[in-house]
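1. from the sequence below, what's the structure:
(one chain, ligands or ions: 1)
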Amino acid sequence: MELIRSVRSMQEAALTVKRSARRIALVPTMGALHEGHVALIRAAQNRGAAVVVSIYVNPAQFAPHEDFKQYPRDLDGDLAVCRREGVDVVFAPTDEEMYATDASTWVTESLIAKRLEGERRPHFFRGVCTVVSKLFLICQPDVAVFGQKDYQQWKVIQRMVRDLNFPVEIIAVPTVREPDGLACSSRNRYLDPLERAQATVLYKALLVARDLFNQGEFNAHRLASAMIRAIELAPSARLDYAEVADGETLMPRSEVRRGDVALVAAYIGKTRLIDNLVL
Ligand code: AMP
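-> As a prediction, this is how the structure comes out:
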């Protein structure tokens, strides 16, 4: 396995792979790798491509009051996971490599990115779209793998790729969960044992919505109310949003259809978690 830390070396390595007529599959991550990331790596390998895992905590997608500084970083642990999984290249650039101090060019998606996460975290999707565009230009993937755990991010990236004609196929991997249903997330490391136990309310709320939908409840407002009540059962939880939206555009719904998506965001103690479930 090769560890690459500079943009230039990564572009050269990508060209070498391309000359050998091998395809490249990119798995973009912020590190602190867990079973969710491993599922993405395995999906990339199933494409028979050379697998590049990028590990970069992207400052552009954090607001000043958010957890950029505290975000878990464990390059040695991540390299061990990648080695064990047979990853070909880890691209782990420094901030200086990725952004000029006076960088002034940004990529924005302006429909899907406006709602939900984008409403609460105004810089978030601009940071994500910019860094993913840069990673595409640096790593030259034929395929890039994302998690459905970050459903809105997946849809924003799909649209960006369509709108800007990136020659990259996007594949999405279903959310990997802990045995009790909590979606794997690097931020779960912030939870103390009591919070960890209560963090399952996000998934429980989504299951309530799915059960009601399967019983014939199509009213989006009533489904959202049921999710909110479920989340409020946990004393450590503070709701951010709970909503059912169009599965492609993430626009709000009044009447819910199959393929729409239930999305929740809540603070468990100080930790903000998100989850979703397609109905
Ligand atoms: P992150 O390192 O949190 O930025 O995530 C990197 C990629 O892994 C994104 O495409 C995420 O959607 C995906 N991912 C994170 N957690 C999970 C999970 N529990 N199941 C599937 N994919 C995930």
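2. pull the CA atoms of the top helix by length along the chain into PDB?
-> Longest helix in the chain by number of residues (criterion: DSSP state H): helix 124-139. Presented in PDB, the C-alpha positions along helix 124-139 are these (Å, rounded to 0.1, in the frame of the first residue of the first chain):
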ATOM      1  CA  PHE A 124     -21.200  22.700   4.700                       C
ATOM      2  CA  PHE A 125     -22.100  21.700   1.100                       C
ATOM      3  CA  ARG A 126     -19.900  24.300  -0.500                       C
ATOM      4  CA  GLY A 127     -17.000  22.800   1.400                       C
ATOM      5  CA  VAL A 128     -18.100  19.300   0.500                       C
ATOM      6  CA  CYS A 129     -18.600  20.000  -3.200                       C
ATOM      7  CA  THR A 130     -15.300  21.900  -3.400                       C
ATOM      8  CA  VAL A 131     -13.200  19.200  -1.800                       C
ATOM      9  CA  VAL A 132     -14.900  16.400  -3.700                       C
ATOM     10  CA  SER A 133     -14.300  18.300  -7.000                       C
ATOM     11  CA  LYS A 134     -10.700  18.800  -6.000                       C
ATOM     12  CA  LEU A 135     -10.300  15.100  -5.000                       C
ATOM     13  CA  PHE A 136     -11.800  14.100  -8.400                       C
ATOM     14  CA  LEU A 137      -9.200  16.300 -10.200                       C
ATOM     15  CA  ILE A 138      -6.400  15.000  -8.000                       C
ATOM     16  CA  CYS A 139      -7.200  11.300  -7.900                       C
END
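3. roughly how far is the next helix or strand after it from the heart of the chain?
-> Using DSSP states H and E, the helix or strand that follows helix 124-139 in sequence is strand 143-147. Centroid displacement of strand 143-147 relative to its chain, using Cα atoms, centre = their mean, to the nearest Å, is 10 Å.
4. strand 143-147 pairs with which strands?
-> According to DSSP bridges, strand 143-147 has the following sheet partners: strand 24-29 (parallel), strand 169-173 (parallel).
5. closest one to the ligand among those?
-> strand 24-29 (3.9 Å; Cβ to the nearest ligand atom). For every residue, glycine as well, the C-beta is placed using N, CA and C.
6. in that closest one, what's buried?
-> For strand 24-29, a neighbour-count test (16 or more other Cβ atoms under 10 Å) marks 24, 25, 26, 27, 28, 29 as buried.
7. and this structure, what are its domain boundaries?
-> Domain segmentation of the chain under automatic domain parsing yields 2-173, 186-274.
8. how about JSON lines for those domains, with mean pLDDT and distance to residue 179 added?
-> Shown next, in JSON lines, are those (pLDDT from 0 to 100; distance: least, Cβ to Cβ, whole Å):
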{"stretch": "domain 2-173", "mean pLDDT": "98", "distance to residue 179": "11"}
{"stretch": "domain 186-274", "mean pLDDT": "98", "distance to residue 179": "10"}
